[in-house]
Every structure is written in C-alpha cells, then in structure tokens.
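Undergrad: here is a sequence together with a model predicted from it:
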Amino acid sequence: MLEPRQGGLRRLRRRTEPETTGQPPTRAAVRNTKIVTLPVAYAARRASGLGRRALGAPKREVEIDIQARTAQHMFEVLGELKGCAAKFGQVLALYEMALPPELGAPYGEALSRLQDSAPAMLPGAVNQAMADNMGPNWRDHFADFTLRACAAASVGQVHRAVWHDGRPVAVKLMYPGARESVQSDLRQIRQLAPLATVFVPGADTRALAEAFAECISEELDYAKEADTQRIFAEAYADDPDFVVPRVVHQENDVLVTEWLDGIPLPRIIASGAQQEKNRIGLLMLRFVTSCVGRTGLIYSDPHPGNFRVLRDGRLGVVDFGACPPIPSGFQHVVADIADAAFNGKNAHVEAALRTHGFVAPDRELDIVALRTLAEPIRELFFPHTVRLTTKWLRGQVRRTIEPSLSNVGRQLTAPPAYTPIGRTILATVGVLAQLGAEGPLRDELFAALPGLRTAMERFNLGEGMAGRAVRPVTDASNSATPVSTIS
C-alpha cells in the first residue's frame, strides 16, 4: 500500500486499476507500470527513512517500518497481477522464515492475503472466456456451473461445477492474455530481483528469480498438465494414503478435473492439533518422495494450497502444472553425494560435487565452510525421529545468507535439471516446518532413495570410504579441464 504523502504514485495506481470485467490486467504497459511502482515506492521510503533518522527516530524502528510497508506493497501488486509475479511472491514467502519475527510478521500477513485479495474475473468475462475455449454451447457440458471463482491459480482461476453426468468437478480456466503477460513478467521479475534484498541482504536474489520464474511457463500448457495429472492419478489410484483427482476433460485453456472436498492444508497449519499436523506432514513428505519411483516425475509445487485433507484422512493433491522428469542418473547422484557426506572426508565430498556438476571445473570451493554450513542438515539423519520448526528453518536460512558463508553458496552451481528438485526440497521443508511436523521423516527419504539408506547403513557399520580413493579425471565436456571424482 502506498503512503498518503506519495500523491503522484497514488494517481498512477488509480490509472492502472483492473478493468471493470474483473479480469486481471494483461496488457504489458499496464502490468509494467504496476511493477515499476515497487522500486519507486521503496526508494521513496528509504529517502523518507533517512529524514526520520535525521530527526532522531531510532534506526531499528525506521527499518521495521520500511520492511512492513514494502512487504505489504509488494504482495498487493504481485497478487493483483498473478502469473509469474504471483509465483515469485510464493517463492519469496520462503524467506519470511529467514527474518526475525518482528520483521517477518508484516511480511507474512501481506502474503497471506495474496490469493484472497487478487481480483477474479467477473461472470461476464468468465462466460466469454469459456465460450472462446469450448464454443458458444459450452454450458451443454455441465449440469451446473458457478460463474464466481472459488479459488485462484497462478495464471487462472478455479470454478466449481457439475459435469453433465452428475460428477462434481473443478474447472480451471486460464486468464485471457496470460501467455502474453508471462513474457512481460519474466522481464520485469529479473529487474525486481534486487529489491528482494530488503528481506534477505546478501542473498543471490537474481539467480533465485531466474530459476523460479521460469517454471511458470510449464503452467501455461493445460494439455500437458492434463497428461501429467493422468499419470499421477493412475499411479496413485486406490492408494490408502493419497487421492489425485482424475481428469474429466481438457480443451484449449480449460482443464476439468474431479472435485475434491477436504480441509485445506493452510487451515491445518493454522489451527490443527499437533498430532494431526505430524500425520499430515509425514504424508506430504511421503507423497513428494514417492513420486520418484511411481511416476518418474517431480512434484515441484508442494505449497500448502495444493493439499486437502479428506474426510477419510487421506491427503488430496491438486495442481500438476509443473512436474518435470527426474534427471537421468538421479539415484546414482544421491548415492554418491550421500556416501561422501556421511562416510568420507572433505576430499570425497568435493570430488562427488564436482563429478556431478555441482561445482564448475574452474571454480574454487571452500569445502570446510560448506561442510560447516551443511552439518545441521546432516545431523537430521541420525535420530530416528525429528521435528522441524520454523525457528530451526529460520536459523538455517539465515546461516546460508550470512555474509561470512554466502560466498560458499555462490561457489556452488546446479545442473538445470536439478533446479526443480531444489525448489521441491525448499518448499517441502518449509511446509513441514510450518506444521512443526515430528516423526520418522528420514524413513520416508530412505524408502524413496535407497542410496541414501545404504550410505547411512555404512556409517552405522563404521565402514567409512575404504577402497574409494579420490583421483583426478578428465571432464568429458572439456578434455583440458581436470576435475576430481571418487573411484
């Protein structure tokens, strides 16, 4: 929200309000103007803050005020625009946990209103969009159709309806012009990334924006999403723990699936009993990890809004727009790195990371600092039962972005195929921490990653890395560049 004293920006915002149809703005000029208000307003707040400090206001008080106003403004704009902008807002939500509570509170409050405050298409616009996608007689497919949206998606909205055969269904309808707006968003998100350092000073927010904004392009292909959801629905059919709604119909920018009645996971997080939170956390981790073997795909969008707790206790899962394939050789990579981390010396860990492309051949690596940074993660695998909390996660994120260690993070890289896995890990751990989930979490990982289990068994037996020497080899992609590997 803009401050009252910024009259020019208020007038700019009024000129760019959504059209009367209720359709989120898709014209590039309109969307760009809205996004441009963010850094302009931030600069104004910083200038104002300097003046307040000159008049004697405490530095801490001024910074907290700037933080709160920037967070609220950022998520109001991102939520209104949807598309890549809203997805970037979801990603930034992870960093709320990196902040002290007094800073994170207004940030989280603004984020929690993101979906609810986003404008939905009004009935006239919905009717036209459905006709454009399914023809003028589109209503013949439905026994009933609610024109008011019941939920929002990154590039569309969801309507409750009844299919012509009587089945309750969810109808996912893409916003008209969403494809065009995404390309504009991608350019603007790259420019916005430095602004996010107001929340996480020292973090490589530009790289974060690049990696996570690109995933939105997959969510523009409803035909591909339908095919993916069919794979998941078949893989989890009649499962005692999970429900994936079947695809009923897909046509152009409309996706119709079975309706799921259940308690949204955000409600469980907010007010569920701890025993139920533990159970749901375990189920969520089981679903995300079991995808590796059951589907060969990554469920890379495990945020709370995509899960429902059904009456019979099963966990319902929706939204399969971003599910890339598991990288080739993934299990082997996990086995090598896990064995080095649990049983090897620094040289073994560095060799494993370089062999599998997580450190560029020409880049140095402070392996001592990296192992220090990763030790709290490694320690999670020793006790049979662990509990994840937001306090613990906040500590890990803040350690990661600590200036003394941040250079270590920048020394690492990741093969492009592993970016969705990183996103999945971050999001899953974030939800488990919000739940305060406690249980045998490592057993779920062992079930899906046998190489990880084997590495831990070797550790318990005290076998170490005997017989696995480190030797230099030649990188196949560049014969002149020596790297290390584990033999």
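TA: Cool, got the structure. No experiment lies behind these values; they were computed from the predicted model shown.

Undergrad: contacts for stretch 247-264 next, please.
TA: 129-130, 132-134, 141, 156, 160-161, 163, 167-174, 178, 222-223, 225-226, 229-230, 233, 243, 245-246, 304-305, 307-311, 316, 318 (CB atoms under 8 Å, 6 or more residues apart in numbering). Glycine gets a C-beta too; all of them are placed from N, C-alpha and C.

Undergrad: same thing but at 6 Å, please
TA: 133-134, 163, 168-174, 222-223, 226, 229-230, 245-246, 308-310, 316 (CB atoms under 6 Å, 6 or more residues apart in numbering).

Undergrad: what about it, average pLDDT?
TA: Stretch 247-264 carries an average pLDDT of 96.

Undergrad: how about stretch 419-428?
TA: 86.

Undergrad: now do the buried residues in it.
TA: Neighbour-count burial for stretch 419-428 flags 419-421, 423-424, 426-428 (criterion: 16 or more other CB atoms under 10 Å).

Undergrad: let's have those in JSON lines, adding secondary structure and distance to residue 271.
TA: Converted to JSON lines, those look like this (DSSP: H, G, I helix; E, B strand; the rest coil; distance: CB to CB, whole Å):
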{"residue": "419", "secondary structure": "helix", "distance to residue 271": "34"}
{"residue": "420", "secondary structure": "helix", "distance to residue 271": "31"}
{"residue": "421", "secondary structure": "helix", "distance to residue 271": "32"}
{"residue": "423", "secondary structure": "helix", "distance to residue 271": "28"}
{"residue": "424", "secondary structure": "helix", "distance to residue 271": "26"}
{"residue": "426", "secondary structure": "helix", "distance to residue 271": "25"}
{"residue": "427", "secondary structure": "helix", "distance to residue 271": "22"}
{"residue": "428", "secondary structure": "helix", "distance to residue 271": "22"}
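
Undergrad: how about the residues you listed in JSON lines, adding distance to residue 342?
TA: Below are these laid out as JSON lines (distance: CB to CB, whole Å):
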{"residue": "419", "distance to residue 342": "25"}
{"residue": "420", "distance to residue 342": "25"}
{"residue": "421", "distance to residue 342": "20"}
{"residue": "423", "distance to residue 342": "25"}
{"residue": "424", "distance to residue 342": "22"}
{"residue": "426", "distance to residue 342": "22"}
{"residue": "427", "distance to residue 342": "25"}
{"residue": "428", "distance to residue 342": "21"}
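
Undergrad: just to be sure, residue 162 is in a helix?
TA: No - under DSSP: H, G, I helix; E, B strand; the rest coil, residue 162 sits outside any helix and is assigned strand.

Undergrad: what residues are up against it?
TA: By CB under 6 Å, 6+ apart, the neighbours of residue 162 are 143-144, 168.

Undergrad: now these in TSV, with secondary structure?
TA: TSV is the format used below for the contacts of residue 162 (three-state DSSP):
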residue	secondary structure
143	strand
144	strand
168	strand
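
Undergrad: by mean pLDDT, point me to the weakest helix or strand of this structure.
TA: helix 7-15 (a mean of 33; mean pLDDT, DSSP states H and E).

Undergrad: what bridges to the nearest residue to residue 314 once chain neighbours are set aside?
TA: Excluding its sequence neighbours, the residue lying closest to residue 314 (CB to CB, 6 or more residues apart in numbering) is residue 243, at 5.2 Å. Applying DSSP bridges to residue 243 gives these bridge partners: residue 316.

Undergrad: I'd assumed residue 312 was in contact with residue 243.
TA: No - taking CB atoms under 6 Å as the definition, residue 243 is not a contact partner of residue 312, at 8.9 Å.

Undergrad: look at those two and report which has more neighbours.
TA: Per other CB atoms under 10 Å, whichever of residue 243 and residue 312 has more neighbours is residue 243, with 21 against 8.

Undergrad: quick check: closest non-adjacent residue to residue 306.
TA: Spatial nearest neighbour of residue 306, excluding adjacent residues (CB to CB, 6+ apart): residue 319 at 4.5 Å.

Undergrad: per-residue confidence at the one you found?
TA: 92.

Undergrad: what do you get for residue 23?
TA: At residue 23, pLDDT is 53.

Undergrad: and of the contacts of residue 162, the nearest to residue 452?
TA: residue 168 (40.4 Å; CB to CB).

Undergrad: do you know how far the nearest residue to the closest one once chain neighbours are set aside is from residue 436?
TA: With CB to CB, 6+ apart as the criterion, residue 168 has its nearest non-adjacent residue at 3.8 Å, and that residue is residue 259. According to CB to CB, to the nearest Å, residue 259 stands 30 Å off from residue 436.

Undergrad: helix, strand or coil: sort out residue 301 for me.
TA: Residue 301 falls in the coil class when you classify it by three-state DSSP.

Undergrad: got the domain ranges for the protein?
TA: Domains of the chain are assigned by automatic domain parsing as 7-117+181-217, 122-174+221-259, 262-487.

Undergrad: for residue 130, give its distance to residue 156.
TA: When residue 130 is compared with residue 156 (using CB to CB), they lie 12 Å apart.

Undergrad: looking only at neighbour counts, state which of those two leads.
TA: A direct count of neighbours by other CB under 10 Å for residue 130 and residue 156 places residue 156 higher, at 28 against 23.

Undergrad: check what pLDDT that one gets.
TA: For residue 156, the predicted pLDDT is 85.

Undergrad: tell me the contacts of it?
TA: 172-175.

Undergrad: grab the nearest non-local neighbour of it.
TA: Here the residue nearest residue 156, using CB to CB, 6+ apart, is residue 174, at 4.1 Å.

Undergrad: kindly report the same for residue 393.
TA: Nearest non-adjacent residue to residue 393, counting by CB to CB, 6+ apart: residue 433, 4.2 Å away.

Undergrad: the one you found - how many residues pack around it?
TA: Residue 433: 21 neighbours (other CB under 10 Å).

Undergrad: so it, which of the three states?
TA: Per three-state DSSP, residue 433 ends up helix.

Undergrad: what about the spatially closest residue to residue 332 that is not a sequence neighbour, distance to residue 126?
TA: The shortest distance from residue 332 to any non-neighbouring residue, by CB to CB, 6+ apart, is to residue 451 (7.2 Å). Plainly put, residue 451 is 49 Å away from residue 126 if you go by CB to CB.

Undergrad: of these two, which one has the most company?
TA: Ranked by neighbour count (other CB under 10 Å), residue 451 and residue 126 place residue 126 first, with 23 against 18.
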